[in-house]
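J.: Fold the following, please.
(one chain, ligands or ions: 2)
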Amino acid sequence: MGSNCSNKTSDPLDVMKALRQQTDYNQGGGDHNTFFVFGASGDLAKKKIYPTLWALFRDRLIPKQTVIIGYARTKLTVDELKTNISKYIKLKDDSEKEKFEKFIAKNSYVSGAYDESAAFNHLNESAQQLEQGFSKVNRLFYLALPPNVFAPVTKHIKAECMSPTGWNRVIIEKPFGHDFDSSAQLSRHLASLFKEEEIYRIDHYLGKEMVQNLMILRFGNRIFNPIWNRDNIASIQITFKEPFGTQGRGGYFDTFGIIRDIMQNHLLQILCLVAMEKPVSSRAEDIRDEKVKVLKCMQTLTLDDIVLGQYVGNKKGEGDAKYGYLDDPTVPAGSTTPTFALGLCRINNERWDGVPFFMRCGKATNERKAEIRIQFRDVAGDIFNGQCKRNELVIRVQPGEAVYVKFMTKAPGMSFKLEETELDLTYTNRYKEAILPDAYERLIMDVFAGSPANFVRSDELSEAWRIFTPLLHSIESQKVPPLPYTYGSRGPKQADDFCIAHGFKFYGTYKWHNPNGNAVPNGK
Ligand SMILES: NC(=O)C1=CN([C@@H]2O[C@H](COP(=O)(O)OP(=O)(O)OC[C@H]3O[C@@H](n4cnc5c(N)ncnc54)[C@H](OP(=O)(O)O)[C@@H]3O)[C@@H](O)[C@H]2O)C=CC1
Ligand SMILES: O=C1O[C@H](COP(=O)(O)O)[C@@H](O)[C@H](O)[C@H]1O
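T.: Ligands and ions are numbered 1, 2, ... in the order given. Model (predicted):
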């Protein structure tokens, strides 16, 4: 079949075109958009959502006729809101300061409860006042809220705040439930109120440059696709590391743990994009259909598939590094919640049978890094006395976006020695002028444009919980003790041993010579 079989939803390639039409700053008129930020007084709102809206406004990427209404229980004036968010916004010069005032002028704030219909009715009236004179009004509802109020807030949005003249889109942040049943309950609740195409479940990793690049690297090149299979690939590692601990967020983190915080969503989403078959087109539903198929080929994980860790303080460390997870006063005493996890997944299909997919994530490790490492099989019929190291294709998501291929070459000169080297696409070298937008900026633009490709569909979510729920329940019911690892280390040694026991080869011989000598953290 050709690639244009499906016509269900907008193609991500059309997003920019659609936005350009909507963001025509030279003309008045057009649709009016009201962006509601629920939980406007909170952390996520001030650290992420408002700074993102500001960046989009500054870069003229959101439609001109857009107003923003913050809503939360706390009573705030717009001036107070401005003070809150200003701490997270850097203004370059006077012209940006002037623009920022214009952005603030687009904002208003309403305080009210999350469970009273009268409060939402009042919010709706406030919005209507700002929307007067427009025949078509679109509304975006961003839930920057704790999950316990998702249900009442969405119920009241539906009852009181939907626009009858334009589209309505609800953006929700994880956690989308706590396990299979709670997530299914939330999905049923949302489905009783909104159509699936009105719901945008954010996984901000899907908005990252290199995660979005996966589709193009895989399906826009001839060189990778033919070797993207069990015949050539020995293992795949998807890694997330952060060099800091819970930093006083331990109370929140402890109820989730690293598997729910990172692995079940961010890493699994990346895994889907790495492993899926080529979609019939680049349209949202075709991509999401393929992601679901990958998940359906994965068995539920068990305790045999996982290595768990929890960081302990480093007596010789400085500052936070001295303290372990259990020293965080917001963490319950004796908690066994993992702050590090390595999971082994298998995909039971023709392409991937037998290939281990390692997902590895940890807090308080040696470096900040997210990457995908595809390790190829040994060369068959060796004629170089075992000197060949396995090739690797590494896609570094952050920091310092890069794609590099590690391969063997002849050491230059008279000798016939083998040497490890790389083909290296480092973004800061190749794309000196490029500005890579923050993940949230891309995703919020996608919502304006009605492009759901980079959001999680309900069947993806349900499969993700199916895979992880029995494991999570076992970890919790058996209080599986996590292995200690020192703050600032690579995680428990047992995790490295586990990868090696399941087919990953580590040589420790590769040396990268950064052509610019500029800082790319090498945490080893
Ligand atoms: N364009 C660019 O910016 C490029 C940068 N580089 C840099 O060069 C450095 C080395 O490259 P890299 O590809 O990591 O190659 P390495 O061969 O050094 O490391 C490969 C893998 O081995 C793991 N590892 C490290 N130490 C151990 C250990 N003791 N036991 C088992 N596994 C281990 C790493 O894990 P872990 O994930 O925990 O670190 C990584 O998955 C990196 O910092 C990389 O960013 C290289 C090429 C291009
Ligand atoms: O979702 C989350 O992601 C952040 C890491 O995001 P990044 O874009 O900075 O890599 C993580 O710190 C947080 O615990 C988690 O909830």
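J.: For the rest of this, base every contact and every neighbour count on C-alpha atoms.
T.: Noted.
J.: how about the closest residue to ligand 1 within the stretch 101-250 of the chain, what does it touch?
T.: Proximity of the stretch 101-250 of the chain to ligand 1 (Cα to the nearest ligand atom) peaks at Thr239, 6.2 Å away. Shown in contact with Thr239 (Cα atoms under 8 Å, 6 or more residues apart in numbering): Leu267, Met359, Arg360, Cys361, Lys369, Ala370, Glu371, Ile372.
J.: And what about it, helix, strand or coil?
T.: Of the three states, Thr239 takes strand under DSSP: H, G, I helix; E, B strand; the rest coil.
J.: Dump the contacts of Thr239 to CSV, plus pLDDT.
T.: Shown next, in CSV, are the contacts of Thr239 (pLDDT from 0 to 100):
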residue, pLDDT
Leu267, 98
Met359, 98
Arg360, 98
Cys361, 98
Lys369, 98
Ala370, 98
Glu371, 98
Ile372, 98
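J.: which bits of the stretch 301-450 of the chain sit near ligand 1?
T.: Ala402, Tyr404, Asp424, Leu425, Thr426 (Cα under 6 Å from any ligand atom).
J.: okay if I get the residues you listed as TSV plus secondary structure, neighbour count and pLDDT?
T.: Converted to TSV, those look like this (DSSP: H, G, I helix; E, B strand; the rest coil; neighbours: other Cα atoms under 10 Å; pLDDT from 0 to 100):
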residue	secondary structure	neighbour count	pLDDT
Ala402	strand	19	97
Tyr404	strand	17	98
Asp424	strand	16	96
Leu425	strand	15	97
Thr426	strand	16	95
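J.: mind listing what's buried in the host helix or strand of Met408?
T.: Using DSSP states H and E, the element containing Met408 is strand 402-410. For strand 402-410, the neighbour count (16 or more other Cα atoms under 10 Å) marks Ala402, Val403, Tyr404, Val405, Lys406, Phe407, Met408 as buried.
J.: Could you give the bridge partners of the nearest residue to the second one once chain neighbours are set aside?
T.: With sequence-adjacent residues excluded and distances taken as Cα to Cα, 6 or more residues apart in numbering, Val403 is closest to Ile395, at 4.5 Å. Partner residues in beta bridges with Ile395: Ile372, Val403, with DSSP bridges as the criterion.
J.: Let's test this: what are the backbone torsions at the spatially most central residue of the chain?
T.: In the chain, the C-alpha nearest the mean C-alpha coordinate belongs to Tyr205, at 1.8 Å (Cα atoms, centre = their mean). In terms of degrees, to the nearest 10, the main-chain angles of Tyr205 are phi -70, psi -20.
J.: Surely it is in contact with Met263?
T.: No - Tyr205 lies out of contact with Met263 (Cα atoms under 8 Å); the separation is 11.4 Å.
J.: how close does the nearest residue to the residue of the stretch 101-250 of the chain closest to ligand 1 once chain neighbours are set aside sit to Ile259?
T.: Of all residues beyond its chain neighbours, the one nearest Thr239 is Arg360 (4.7 Å), with distances taken as Cα to Cα, 6+ apart. Distance of Arg360 to Ile259, computed by Cα to Cα, to the nearest Å: 9 Å.
J.: residues contacting the nearest residue to Tyr404 once chain neighbours are set aside?
T.: The spatially closest residue to Tyr404, leaving aside those adjacent along the chain, is Asp424, at 4.4 Å (Cα to Cα, 6+ apart). Residues in contact with Asp424, defined by Cα under 8 Å, 6+ apart, are Ala402, Val403, Tyr404, Val405.
J.: pull the longest helix from the chain.
T.: For the chain, the helix with the greatest residue count under DSSP state H is helix 458-477.
J.: Can you pull the poorly scored residue ranges out of the stretch 301-450 of the chain?
T.: Applying pLDDT under 70 to the stretch 301-450 of the chain picks out no residues at all.
J.: Now do the strands in it.
T.: 306-312, 340-345, 357-362, 369-376, 392-398, 402-410, 418-426 (DSSP state E, counting those that start in this stretch).
J.: does Val307 really touch Pro338, like I thought?
T.: No - the criterion here is Cα under 8 Å, and Val307 misses it with Pro338 at 9.5 Å.
J.: Looking at those two, which has the bigger crowd around it?
T.: With neighbours defined as other Cα atoms under 10 Å, Val307 and Pro338 compare such that Pro338 has more, 26 against 21.
J.: Which one of the residues in the stretch 301-450 of the chain is closest to ligand 1?
T.: Closest contact between the stretch 301-450 of the chain and ligand 1, by Cα to the nearest ligand atom, is at Thr426 (4.3 Å).
J.: and the protein, what are its domains?
T.: For the chain, the structural domains run 26-173, 206-502, going by the TED database.
J.: Same list (those) but as TSV, adding distance to Asp179.
T.: As requested, these are exported to TSV (distance: least, Cα to Cα, whole Å):
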stretch	distance to Asp179
domain 26-173	13
domain 206-502	5
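J.: Minimum distance to Pro515: which of the ones you listed has it?
T.: Between Pro515 and those, the shortest gap by Cα to Cα is with domain 206-502, which sits at 9.0 Å.
J.: Please consider this matter closed, and thank you.
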